[in-house]
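Chemist: The following block contains a protein sequence and its predicted model.
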Amino acid sequence: MRGLSFLILLLYFTATNAQEKVCGKYKNEFGEVLVLNPDKTFEYSWKFDLASSWNTGTWIIKNKEYVYLRINEIKDTLKTNNKIELVLSDNEVSNEIEQEKKVMNLISGGGQSRKLPPEKLLIKNHKLFPYSKTGKVQNKKLQSPMNRSTFLKPWFEKD
């Protein structure tokens, strides 16, 4: 019985320690910022020229080497005529909005879920490596969208 209790405690402290090592603020050279909070929530933002995006959600570590992000889209209630519709909120508080505000959100250069955060990241050498759409780890520099002769790091490094 003591052995089982010891094993449970050991597994708990190992998982807690892994979580604490991963928590923090990360940035990459493509204008992305990822904050992994100790309460298993995250904040993601992306800024490029006049465009921007943000998301919030929860995260979990699996097999001590992967971080999985699950977004939690925040929705506003839009009432037009006799129709009720849920639309992406422009802030972190769910509200009832008017048609004019929805239109203003659509024409702005930023907002929720304009560029989604990666779903899965590999933890390696105190860095977080995203995966490409084809499922390959992005551990090599990629061409800059602004300057074809410049190559940037797509992985996240602790700030």
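Modeler: That came in fine, so what should we check first? Residues are numbered from 1 along each chain as shown.
Chemist: Quick one: list the elements packing against the lengthiest strand in the chain.
Modeler: Among the elements of type strand in the chain, defined by DSSP state E, the one spanning the most residues is strand 51-62. Judged by 3 or more C-beta pairs under 8 Å, 6 or more residues apart in numbering; DSSP states H and E, strand 51-62 is in contact with helix 2-22, strand 41-48, strand 66-71, strand 110-112. Placement of C-beta: from N, CA and C, glycine included.
Chemist: tell me the SS of K133?
Modeler: Under DSSP: H, G, I helix; E, B strand; the rest coil, K133 falls in the coil class.
Chemist: what's the distance between it and P118?
Modeler: 10 Å (C-beta to C-beta, to the nearest Å).
Chemist: By mean pLDDT, show me the worst of the helices and strands packed on strand 51-62.
Modeler: Across these, helix 2-22 has the smallest mean pLDDT, namely a mean of 56.
Chemist: after that one, next one along is what?
Modeler: Tracing the chain C-terminally past helix 2-22 and defining elements by DSSP states H and E, one meets strand 24-27 next.
Chemist: Need the CA coordinates for that next one. PDB is fine.
Modeler: Output in PDB follows, covering the C-alpha atoms of strand 24-27 (Å, rounded to 0.1, in the frame of the first residue of the first chain):
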ATOM      1  CA  GLY A  24       5.300  31.400 -19.000                       C
ATOM      2  CA  LYS A  25       5.300  33.900 -21.900                       C
ATOM      3  CA  TYR A  26       6.600  32.700 -25.300                       C
ATOM      4  CA  LYS A  27       7.300  34.600 -28.500                       C
END
